[in-house]
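1. Build the 3D model from these lines:
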Amino acid sequence: VFDHECNKTVDVREIGTIVRSLGCCPSEADLHDILAEVEGEEPTGYIRLEKFLPMMTKVLLERRYRPIPEDVLLQAFEFCIQKLISYCYFCPLAGEPFTQEEMEEMLSAAVDPESNTIRYKDYISVMVVDEN
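-> Down below sits the predicted model:
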C-alpha cells in the first residue's frame, strides 16, 4: 500500500502512518528513534523493507508503543474539559471573559443534543485503538 514505486521502499514521511496502522501509538520522539534505527548512517529519505521489517516485528512482539488505556484517557478528557471551562470563565484569553453563549458555542461539538451532556466515552472510543 505504501510502496508506490514497487521497489520495497517507502518514504520516511509515511513511517508514522505505517506504524500507527499496525496498532502502535508511538510519540514523535519514538518515531525519530525508529527512523534512526532503520535509516542507518546515510539517510536517503526512503526506508527499505529489509531494514524496516525486522525492527517492526520486534516492536510488535514486544508490544511497544501500546495505546493509552481507555480509563486514563477518560480521566484526562474530564480534567481537560473542567479546566477549559473554568479557565475560559475566570482567565480570559482575549482580555475579557467568554460569555455563556460563547462557551456553549465552543462546546457544542462535544455536547449530546438529547441529554445536553458531554459524552466522554463517545470521544474516548474514537481515540482508543482496539487491541483485539
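2. Outline the domain layout of the protein.
-> 9-61, 70-127 (automatic domain parsing).
3. Give the rounded mean pLDDT of the longest one.
-> Going back to what we said before, that points to domain 70-127. For domain 70-127, mean pLDDT is 70.
4. circling back to that earlier point, in JSON lines, list the domains of the chain along with mean neighbour count.
-> (C-beta placed from N, C-alpha, C; glycine too.) Shown next, in JSON lines, are these (neighbours: other CB atoms under 10 Å):
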{"stretch": "domain 9-61", "mean neighbour count": "14"}
{"stretch": "domain 70-127", "mean neighbour count": "12"}
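5. Distance to D3 for these - can I get that in CSV?
-> Putting the domains of the chain into CSV (distance: least, CB to CB, whole Å) gives the following:
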stretch, distance to D3
domain 9-61, 6
domain 70-127, 29
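6. center of the chain - which residue?
-> C25 (6.8 Å; CA atoms, centre = their mean).
7. three-state assignment of that residue?
-> Put simply, C25 is coil when judged by DSSP: H, G, I helix; E, B strand; the rest coil.
8. quick one: the strands in this protein?
-> For the chain, strands defined by DSSP state E occupy the ranges 9-11, 46-48, 111-112, 117-118.
9. Distance to T17 added to those strands, as JSON lines?
-> Below are the strands of the chain laid out as JSON lines (distance: least, CB to CB, whole Å):
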{"stretch": "strand 9-11", "distance to T17": "9"}
{"stretch": "strand 46-48", "distance to T17": "12"}
{"stretch": "strand 111-112", "distance to T17": "31"}
{"stretch": "strand 117-118", "distance to T17": "30"}
